[in-house]
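Participant: Let me see the structure of the following:
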Amino acid sequence: MRNWMRQNRGFLAFMLLLGLFRTAIADWNPVPSGSMHPNILEGDVVLVNRLAYDLKLPLTDRVLVQLGDPQRGDIVTFTSPRDGVRLIKRIVAIPGDRIAMRDKQLILNGQAARYATLALPAESDTLDAPWQAQGRLEQLAGQAHAVQWLPGVPARHNFAELTVPDGQYLMLGDNRDNSADSRYIGLVPRRLLIGKAVRVLLSVNILGAWQPRLARFGQALG
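Facilitator: Here you go, the predicted structure:
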């Protein structure tokens, strides 16, 4: 064993450095679910900036230095406070915000979101079968991004207004009727944030013929 380690010390050092890089600086995460349709698809591999908010002790949730504050609209990866599973969602409300949902409509600090009809890529019909996805451009608090609804899917379309406490964030999936987000798992503490998802590195159609989606390579997330 010692001989093997001596012979392969260069490879072992590389793997150690790679592991430290992925746990402290940047990471790349395959996305297996459709909770962020239409902006992130199954088979996307997203680049995550782990230094966007905090510098953490590698392999832990211990924050060494706070580097920035998470903002509304950021797409983030985090550890679920319910079961420890890694998730990717969008920050919809930050500490101090008052947030509610009424019949799918978000209301932030007393301002109701506006929704315009948005055409979805043809691929969405297959990804979200047997439901017919409806695309919407959600406009709220000076920001706009695509979301989608799945009519007929029993999801939580309402929650009473709450004020987000310090150090907590409310997360929602862009695929509003097919997402295990803060409506189900609760608010997410800052210490469980992993990083900000900034770009699609590459993408393949894992639900079809595993064909690469070349148009998605390098696509910025926002």
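Participant: where does this protein dip in pLDDT?
Facilitator: 1-26, 59, 125 (pLDDT under 70).
Participant: the helices in it, which residues?
Facilitator: 2-7, 9-24, 123-127, 182-185 (DSSP state H).
Participant: And the last one, what does it pack against?
Facilitator: To tie it back to what came earlier, the one meant is helix 182-185. Other helices and strands packing on helix 182-185, by 3 or more CB pairs under 8 Å, 6 or more residues apart in numbering; DSSP states H and E, are strand 86-93, strand 168-172. All C-beta atoms are positioned from the backbone trio N, CA, C, and that covers glycine.
Participant: list the contacts for the closest residue to residue 116 other than its chain neighbours?
Facilitator: Distance criterion CB to CB, 6 or more residues apart in numbering; nearest residue to residue 116, sequence neighbours excluded, is residue 137 at 4.4 Å. The contact partners of residue 137, by CB atoms under 8 Å, 6 or more residues apart in numbering, come to 115-118, 144-147.
Participant: Count the neighbours of residue 104 for me.
Facilitator: 17 (other CB atoms under 10 Å).
Participant: wouldn't it be in contact with residue 157 here?
Facilitator: Yes. Counting by CB atoms under 8 Å, residue 104 does reach residue 157; the two are 4.8 Å apart.
Participant: and the longest strand along the chain, what other elements does it pack with?
Facilitator: Looking across the chain with DSSP state E, the single longest strand is strand 193-203. Under the contact definition 3+ CB pairs under 8 Å, 6+ apart, strand 193-203 sits against strand 26-30, strand 44-49, strand 75-79.
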